[in-house]
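Asker: No letters, just coordinates:
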Ligand code: IPD
Ligand code: CA
Ligand code: CA
């Protein structure tokens, strides 16, 4: 019997995780919230979603590697790794802010080839497979065609909890504000920020010190939607560094030229 296609497995697993999240939203006020770091929180729901998503994938691909935010790295003898953030936007989730997602990426030899991001609250499913384009709820998506920083709306993340890059972060913010960019949003889920760049809702997105589970799925969705993803020096090593800048090709070039000096 042949195995189901990788994208199908990712989609079904994301549906299962997302259904659990949708259910959990109703009891969020009685959940135990635990601290992983000074400003890094986790709930029983993060762990449950991670368990059921991996359980579903392992029914078909148990021989692969698994990297999850809550359970760590299970390394098997495979060149293929499933990379999961069970709730991207946990702070939003805990506070009842309806903006968070399940994010599942699949990397081959360290390069994302499949991405699925599900926002259970808005019922929006973003996905992509290398070479096959990107979709939102089964409709083709494309990055915006904005090519001027002055009219661009950017998403970004504030690096308050990890390595202290506050100085560099403020400088990137200052540079874009001084360039009179259109507007800037801090929405609280890096995976959805990338999905929004892919679907043209945001023109660009940048953040530092993310983990691969925050961006593996979103980066392939942006690339397949015709955008470009790099770190702030325009290198493609963003999955390892966690420093990321995503936008359409024209805007990306202009923004990288302005921001590259800030994080060397
Ligand atoms: C966080 C979100 C947030 C980003 C943080 C991430 P989490 O992930 O993606 O938007 O700014 O850097 O850690 O903790 O909610 O999975
Ligand atoms: Ca995350
Ligand atoms: Ca998370």
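Answerer: Sure thing, it's come through. Since we're looking at a predicted model, the values are computed, not measured. Ligands and ions are numbered 1, 2, ... in the order given.
Asker: For the stretch 1-150 of the chain, give me the ranges with low pLDDT.
Answerer: Counting by pLDDT under 70, the stretch 1-150 of the chain shows low-confidence ranges at 30, 38-39.
Asker: neighbours of whichever residue of the stretch 1-150 of the chain sits closest to ligand 2, just the number please.
Answerer: Relative to ligand 2, the nearest point of the stretch 1-150 of the chain is residue 88 (4.0 Å; Cβ to the ion). From N, CA and C alone the C-beta is placed, and that goes for glycine too. Residues lying near residue 88 (other Cβ atoms under 10 Å) number 31.
Asker: Tell me how far it lies from residue 218.
Answerer: Plainly put, residue 88 is 9 Å away from residue 218 if you go by Cβ to Cβ, to the nearest Å.
Asker: and for those two, which residues touch both?
Answerer: 103, 117, 190-192 (Cβ atoms under 8 Å, 6 or more residues apart in numbering).
Asker: out of the residues you listed, which is most surrounded?
Answerer: Neighbour counts for the shared contacts of residue 88 and residue 218, by other Cβ under 10 Å, peak at residue 103, which reaches 34 neighbours.
Asker: ok so, going back, which two from the shared contacts of residue 88 and residue 218 end up farthest apart in space?
Answerer: 117 and 190 (10.2 Å; Cβ to Cβ).
Asker: can you list residues touching both of these two?
Answerer: 88, 218.
Asker: Give the buried residues for stretch 24-36.
Answerer: Of all the residues in stretch 24-36, those buried under the rule 16 or more other Cβ atoms under 10 Å are residue 24.
Asker: quick one: contacts of that stretch?
Answerer: 41-45, 48, 93-94, 96, 98, 120-121.
Asker: any idea how far that stretch is from the chain center?
Answerer: From the chain centre to the centre of stretch 24-36 is a distance of 22 Å (Cα atoms, centre = their mean, to the nearest Å).
Asker: Equivalent analysis for stretch 1-10, please.
Answerer: Here the centre of stretch 1-10 is set off from its chain's centre by 22 Å, with Cα atoms, centre = their mean.
Asker: do you know how far residue 21 is from residue 247?
Answerer: Separation of residue 21 from residue 247 (Cβ to Cβ): 29 Å.
Asker: Same question for residue 182.
Answerer: Taken as Cβ to Cβ, the span from residue 182 to residue 247 is 12 Å.
Asker: Which one's more surrounded, the two?
Answerer: Using other Cβ under 10 Å, the more surrounded residue of residue 182 and residue 247 is residue 247, with 29 against 15.
Asker: what's the helix or strand harbouring that one in contact with?
Answerer: Following DSSP states H and E, one finds residue 247 within strand 244-248. With Cβ under 8 Å, 6+ apart as the test, strand 244-248 has contacts from 143-147, 152, 190, 194, 197, 203-207, 210, 215, 218-219, 222, 226-232, 238, 252, 255-256, 259.
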